[in-house]
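# below is the structure, and that's it, no one-letter string:
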């Protein structure tokens, strides 16, 4: 090799030429991205031209929906824009937010997939289970798991539910004498996790006694918040950028904690079945299996067992949905009853006349507390555990009022907006359980705490049964009183939470 080939001048020239080419390619890529941004934005503007919305920034979108006032600002739009309005997250990302029952009926009656842009961000946490799957894989998993929620399976669960609830109430008795109020969501979250572990995952111990499970509860709370913030951050949509950020690192750490928990649950049940031949034989003879046993003994349509990845995805999904949504629901129900003592007392009298001390509550009792059920439903209307869901249109759609949307548009079904829509529910902020009296007429899609259509919540009956048992047994032992110094502020997450917790005073009944 000649000396001139290694000369600094030639080497520097090569570097300079490389940088020039890289700069040109970078500018070209930037130009392509800018053109894509502009064209997609123009397409969205045209698609939404029939739907007016509040003013928004050309790049940052509707900045007024960021922060803790998001629900309040959505409610302002519900009153100003009939049926729906476009919500811009940033310059080329927008969803049509709908809160009209006719619009809900149209969308939920279709087979549109979950909105990929939002739900894919959940995949590192809950994998592709029932919540995230679409098409034939979703149908196969839904059909496989539906027997786990048959009445014959749910009836014996009432005793497990009651045992978990009584543990929480025993703890509350020790706290009831204190002057200060208690934050109830943390307690109800441990209790509902205890219930789901016993009912769906054959867990023998007590989550509420073992302090290790608080780590899982905290991880789920962190994942809820981090997912919410990521959806609203344009720069965090890219996985590589997000994983390098501080929030991304926290998200991945919390995912690992959640996975460690579910992996432990799966391993524990597998070991139990391998170790206890009697338990295995009993399972084989059962006509219907519990949730986890269905997964462990399942065969997919091609004859193969469910993969470990798919198994964990379903366990992660149901572990989260089975405890966190119910904890949200029951915490807000308790708050609603605490702030409406006349309704609380009427529920208590109904339960007392039926159950006395509640020690022998059964499945059959749950249909014999109509007023309590009405109050539960009214609280779920005011505080829906899942405030919204999203779909991506796989074909164009025309709504009953004649307005239409093309294929590819993302639609957010605002359950919170629907439940507070004054055109659907007169005086929507008033707690009125008689809205759910048997003879009260209402639209089939005006009340959707468990979504609707083919993709409604598979655990709806389980959740409603659990809510009834929790409310009934709690009212037999405690009077719930609000803390006027700590009024909860609802904030939207995957599950409806309170910014400042849900604090109540507990008064033990004699």
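Structure's in. What do you need? Remember, predicted model here, so these are calculated numbers, not experimental data. Residues are numbered from 1 along each chain as shown.
# where do the strands sit along the stretch 1-150 of the chain?
Secondary structure of the stretch 1-150 of the chain (DSSP state E, counting those that start in this stretch): strands located at 84-90, 93-98.
# quick one, which of those strands is nearest to residue 67?
Across the strands of the stretch 1-150 of the chain, residue 67 has its closest neighbour in strand 84-90 (13.8 Å, Cβ to Cβ). To be clear about C-beta, it is placed using only N, CA and C from the backbone, and glycine gets the same treatment.
# run me through the strand neighbours of the closest one, direction for each.
Within its sheet, and counting by DSSP bridges, strand 84-90 is paired with strand 93-98 (antiparallel).
# rewinding a little: dump the strands of the stretch 1-150 of the chain to a markdown table, plus mean neighbour count.
Conversion of the strands of the stretch 1-150 of the chain to a markdown table gives the following (neighbours: other Cβ atoms under 10 Å):
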| stretch | mean neighbour count |
| --- | --- |
| strand 84-90 | 24 |
| strand 93-98 | 23 |
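# so which of those strands is nearest residue 391?
Closest of the strands of the stretch 1-150 of the chain to residue 391 is strand 93-98, at 9.6 Å (criterion: Cβ to Cβ).
# could the strands of the stretch 1-150 of the chain be laid out in JSON lines, adding distance to residue 366 and mean pLDDT?
Converted to JSON lines, these look like this (distance: least, Cβ to Cβ, whole Å; pLDDT from 0 to 100):
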{"stretch": "strand 84-90", "distance to residue 366": "37", "mean pLDDT": "94"}
{"stretch": "strand 93-98", "distance to residue 366": "33", "mean pLDDT": "96"}
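# can I get the ones you listed in TSV with distance to residue 219?
Formatted as TSV, the strands of the stretch 1-150 of the chain follow (distance: least, Cβ to Cβ, whole Å):
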stretch	distance to residue 219
strand 84-90	26
strand 93-98	28
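# quick one, which of the ones you listed is nearest to residue 245?
Ranking these by proximity to residue 245 (Cβ to Cβ) places strand 84-90 first, at 17.0 Å.
# how about residues contacting that closest one?
Strand 84-90 has contacts (Cβ atoms under 8 Å, 6 or more residues apart in numbering) with 44, 48, 51-54, 56, 59-62, 65, 77, 94-100, 103, 231-232, 234, 412.
# which of the residues you listed fall in helices?
Applying DSSP state H to those, the entries found in helices are 44, 77, 103, 231.
# contacting residues for residue 258?
With Cβ under 8 Å, 6+ apart, residue 258 has these contacts: 125, 216, 219-220, 223, 316, 319-320.
# mind listing the helices for the stretch 401-510 of the chain?
Listed from the start of the chain, the stretch 401-510 of the chain has helices (DSSP state H, counting those that start in this stretch) covering 415-419, 460-477.
# pick the most deeply packed of the ones you listed.
With neighbours defined as mean count of other Cβ atoms under 10 Å, the helices of the stretch 401-510 of the chain peak in mean count at helix 415-419, which reaches a mean of 24.
# so for that helix, mean pLDDT?
Model confidence over helix 415-419 averages 98 on the pLDDT scale.
# distance to residue 14 added to the helices of the stretch 401-510 of the chain, as TSV?
Conversion of the helices of the stretch 401-510 of the chain to TSV gives the following (distance: least, Cβ to Cβ, whole Å):
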stretch	distance to residue 14
helix 415-419	61
helix 460-477	67
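# looking at those, which is nearest to residue 120?
Distances from residue 120 to each of those were compared by Cβ to Cβ, and the smallest falls on helix 415-419, at 21.3 Å.
# which of the contacts of residue 258 fall within helices?
Judged by DSSP H, the subset of those located in helices is 125, 216, 219-220, 223, 316, 319-320.
# out of the residues you listed, which is nearest to residue 365?
Minimum separation from residue 365 among those (Cβ to Cβ) is found for residue 319, which lies at 27.7 Å.
# just so I have it, where are all the helices in the stretch 51-200 of the chain?
Listed in chain order, the helices of the stretch 51-200 of the chain (DSSP H, counting those that start in this stretch) span 70-80, 101-108, 116-119, 123-126, 135-145, 151-176, 184-201.
# so which of these comes closest to residue 339?
Among those, helix 184-201 comes nearest to residue 339, with 13.4 Å by Cβ to Cβ.
# do you know how far the closest residue to residue 348 other than its chain neighbours is from residue 506?
Among residues not flanking residue 348 along the chain, residue 475 sits closest, at 4.3 Å (Cβ to Cβ, 6 or more residues apart in numbering). From residue 475 across to residue 506, the span is 12 Å (Cβ to Cβ, to the nearest Å).
# low-confidence bits of the stretch 301-450 of the chain, can you list those?
301-304, 358 (pLDDT under 70).
# go with 90
Of all residues in the stretch 301-450 of the chain, those with pLDDT under 90 make up the ranges 301-308, 356-360, 438-441.
# now the strands for it?
Chain-ordered strands for the stretch 301-450 of the chain, with DSSP E, counting those that start in this stretch as the definition, fall at 388-392, 397-398, 404-405, 410-414.
# for residue 194, find the nearest of those.
Evaluated with Cβ to Cβ, the strands of the stretch 301-450 of the chain place strand 388-392 nearest to residue 194, the distance being 27.1 Å.
# ok, residues contacting the closest one?
95, 97, 107, 110, 112-119, 408-417, 451, 492.
# off-centre distance for it?
Relative to its chain's centre, strand 388-392 lies at 12 Å (Cα atoms, centre = their mean, to the nearest Å).
# same deal with stretch 175-186?
Between the mean C-alpha position of stretch 175-186 and that of its chain there is a distance of 26 Å (Cα atoms, centre = their mean).
# let's number from 29 now, not from 1
Yep, numbering from 29; the last one is stretch 203-214 now.
# now do the same end-to-end measure for it.
Terminal residues of stretch 203-214 are spaced 14 Å apart (Cα to Cα, to the nearest Å).
# next, the buried residues of it.
By neighbour count with 16 or more other Cβ atoms under 10 Å, stretch 203-214 contains the buried residues 204, 209-214.
# closest to residue 529 out of the residues you listed?
Each of the buried residues of stretch 203-214 was scored against residue 529 by Cβ to Cβ, and residue 211 proved nearest at 4.3 Å.
# for that closest one, give me the pLDDT.
96.
# that one contacts residue 526, doesn't it?
No. If you go by Cβ atoms under 8 Å, residue 211 and residue 526 don't touch, sitting 9.1 Å apart.
# okay, the strands of the stretch 329-478 of the chain in TSV with distance to residue 112 and mean neighbour count next?
Formatted as TSV, the entries for the strands of the stretch 329-478 of the chain read as follows, by distance: least, Cβ to Cβ, whole Å; neighbours: other Cβ atoms under 10 Å:
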stretch	distance to residue 112	mean neighbour count
strand 416-420	13	21
strand 425-426	12	14
strand 432-433	9	16
strand 438-442	8	25
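# quick one: those strands as a markdown table, columns for distance to residue 287 too.
Formatted as a markdown table, the entries for the strands of the stretch 329-478 of the chain read as follows, by distance: least, Cβ to Cβ, whole Å:
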| stretch | distance to residue 287 |
| --- | --- |
| strand 416-420 | 24 |
| strand 425-426 | 38 |
| strand 432-433 | 38 |
| strand 438-442 | 28 |
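# if we compare these, which one ends up closest to residue 462?
For those, the distance to residue 462 is smallest for strand 438-442, at 24.7 Å, taking Cβ to Cβ.
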